[in-house]
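[1] Have a look at this fold, sequence not included:
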Ligand code: SF4
């Protein structure tokens, strides 16, 4: 089965992609790469389409090398990756819905994003008027004493919409089947033809809780395509923004997970700490979620003395309060009874799915893009990547607690060593062509952005949310648990709906 | 745990004083809240939040309303689990085509009198997602809207000001 270097040798190198190569392959090599992924020699980072071609981003763990392979399919058909490697299934169903390309041999041909509501089929491909769709066929269930519970798309809490279908035997969940796509906004369609300014604005609205990470990844990809060097101060400020986002989200999650185990005290206290971070962000950067600050070329706003003071004050409040909260979490037997041993995901599954973030690192997968792909300024910063192996709700809480500590240490280093100088490099005056790819570690896991520029505008842009490879694992995690533990398991995953629905 | 609870007894609360009403919201509401409605609402609002296609940024700030700084429940504002218990639907996002039917069904399941608050720039006209094949438009493209709170996302204080204006109008002549 081909390795990355085999693919590079045997395929045809596309000239324009940076920083990692894109290799044009034939069907045999494409299927061979799918087998390599299924055999865990490589990890599938992303799989996306465009009119007449499919692309797959691959990571070789041993060498930390990334490459994209592309298969031209003028016939509109390509050998299914999902047939060999189940994590690719939802990605293939989506690209079929958007572009009309058919994965040959796929065991699951049901639509994913297309709910029959758009009025058209293959909106980014042939774009033809649609005919009414039959009702969505959920997986068949057969067995004595089984009953189904259908939830959503509108849920009871303040969360995003999605449909969950539980099959239970008494209290125990036998199977969970998810149906998502409700918040599909057609972002990839809006990207095509957009300017870089419009593009980065859209990227920052793919998943609001990761607005920094998305605009960061988009900007890195655009800068790679344009071969644009970013001023050092901007490079460091970007990491500061990213760590503040991680800090705020993890604090919110820790509280919210405990709250879903009916322990509201943690939510009350963590909620205050999260708010402290957001208020500091508002003072430092003018927006609580730090939206629209990272743009191709650099960052749009500098950190002043007030902002620095506000961030430092927020960190002081966390350092004062958090240890007592962690102790409370760890020593409250009734809470531990809910989180320890609940919603276990095996190391085997996270490796197969290449799941990132606290889901991967709570089950023994040590991947963190800041460390493995080592993009600046993280190559110059000291930090640890906490990894646990238990794979339960408790492990995912602890990964977050440890990452809060690491993020605070990173923010200290960033503030102490922030280089002076410019914030923004001007975009090249000549409208250039080129392709760029970037991976950035968001709070939830690694976000991948690939884009192609034609005459300075975006010809095609694909944004891959970490939740693509986490949602399916939630289906596995809940199996054998009781229905009442679902909110707890779900919150410990905290997958994005908007991110993968796009 | 005892220490934490004990500290809570003596520490000043985090909760901040109520903000002034948003004058723009007060004006918008003057036309949409009828006399009878004001009497029925009394001093409390039950809100059912519906994400009709948001990027989830608006949800983060709605959540923040419940933290100790804003403590929205002190004003009689509650988030409820079912539209059947709601006076107000608080709707976020551009309405996606895939959510249109669910939003309509939620609206129909809410007993009258009811109000719809559209939250965020997307909820006004689809924001930067307007024009997509997958987006219907703003909330008003699907159900009638009484109040719009702008922002991307609107900060909690601004959401609170809008909701308080709704309550105040309802209370004024009750
Ligand atoms: S208004 Fe802004 S924060 Fe709210 S859903 Fe739209 S893009 Fe997201």
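    The structure has been received and is ready for your questions. As the structure is a prediction and not an experimental result, all values here were calculated from the model.
[2] tell me the contacts of residue 122?
    No chain specified, so I'll use chain A. A:97, A:98, A:99, A:100, A:128 (C-beta atoms under 8 Å, 6 or more residues apart in numbering or on different chains). Every C-beta, even on glycine, is put in place using the N, C-alpha and C of the backbone.
[3] Let me rephrase: I mean chain B.
    For residue B:122, the contacting residues are B:53, B:54, B:55, B:58, B:92, B:93, B:94, B:128, B:129, B:138, B:152, by C-beta under 8 Å, 6+ apart.
[4] Redo these as a markdown table? Include secondary structure, distance to residue A:454 and pLDDT.
    Formatted as a markdown table, the contacts of residue B:122 follow (DSSP: H, G, I helix; E, B strand; the rest coil; distance: C-beta to C-beta, whole Å; pLDDT from 0 to 100):
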| residue | secondary structure | distance to residue A:454 | pLDDT |
| --- | --- | --- | --- |
| B:53 | coil | 29 | 96 |
| B:54 | coil | 31 | 96 |
| B:55 | coil | 27 | 96 |
| B:58 | helix | 34 | 97 |
| B:92 | strand | 34 | 96 |
| B:93 | coil | 31 | 94 |
| B:94 | coil | 27 | 96 |
| B:128 | helix | 21 | 94 |
| B:129 | helix | 23 | 96 |
| B:138 | coil | 32 | 96 |
| B:152 | coil | 29 | 96 |
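[5] so which of these is the most crowded?
    Within those, most neighbours by other C-beta atoms under 10 Å in any protein chain shown means residue B:55, with 37 neighbours.
[6] any idea of the pLDDT on the residue nearest to residue B:164 when sequence neighbours are not counted?
    Nearest non-adjacent residue to residue B:164, counting by C-beta to C-beta, 6 or more residues apart in numbering or on different chains: residue B:21, 5.5 Å away. At residue B:21, the pLDDT value in this model is 73.
[7] hmm, back to that, and the ligand, which of the contacts of residue B:122 contact it?
    Counting by C-beta under 6 Å from any ligand atom, B:54, B:55, B:58, B:92, B:93, B:152 from the contacts of residue B:122 sit close to the ligand.
[8] gap between residue A:408 and residue A:301?
    Distance, residue A:408 to residue A:301, by C-beta to C-beta, to the nearest Å: 22 Å.
[9] next one: phi and psi at residue A:225?
    Per-residue torsions, residue A:225: phi -60, psi -40 (degrees, to the nearest 10).
[10] try residue A:54
    With angles defined as degrees, to the nearest 10, residue A:54 sits at phi -120, psi 150.
[11] Surely it and residue A:46 touch.
    No: taking contacts as C-beta atoms under 8 Å, residue A:54 lies outside contact range of residue A:46: 11.0 Å.
[12] who's in contact with residue A:128?
    Neighbours of residue A:128 in contact, by C-beta under 8 Å, 6+ apart: A:120, A:121, A:122.
[13] for chain B, what's the longest strand?
    strand B:45-51 (DSSP state E).
[14] Which elements pack onto that one?
    Packing partners of strand B:45-51 (3 or more C-beta pairs under 8 Å, 6 or more residues apart in numbering or on different chains; DSSP states H and E): helix B:57-64, strand B:77-79, strand B:88-92, helix B:97-109, helix B:156-172.
[15] what stretches of chain B score poorly on pLDDT?
    When residues are selected by pLDDT under 70, those of chain B lie in B:23, B:25-43, B:169-174.
[16] for residue A:450, what are its contacts?
    For residue A:450, the contact set (C-beta under 8 Å, 6+ apart) comprises A:46, A:48, A:55, A:57, A:68, A:221, A:435, A:436, A:437, A:461, A:462.
[17] again, but for residue A:359
    With contacts defined as C-beta under 8 Å, 6+ apart, residue A:359 is in contact with A:345, A:350, A:396, A:445, A:470, A:473, A:493.
[18] That'll do, ta.
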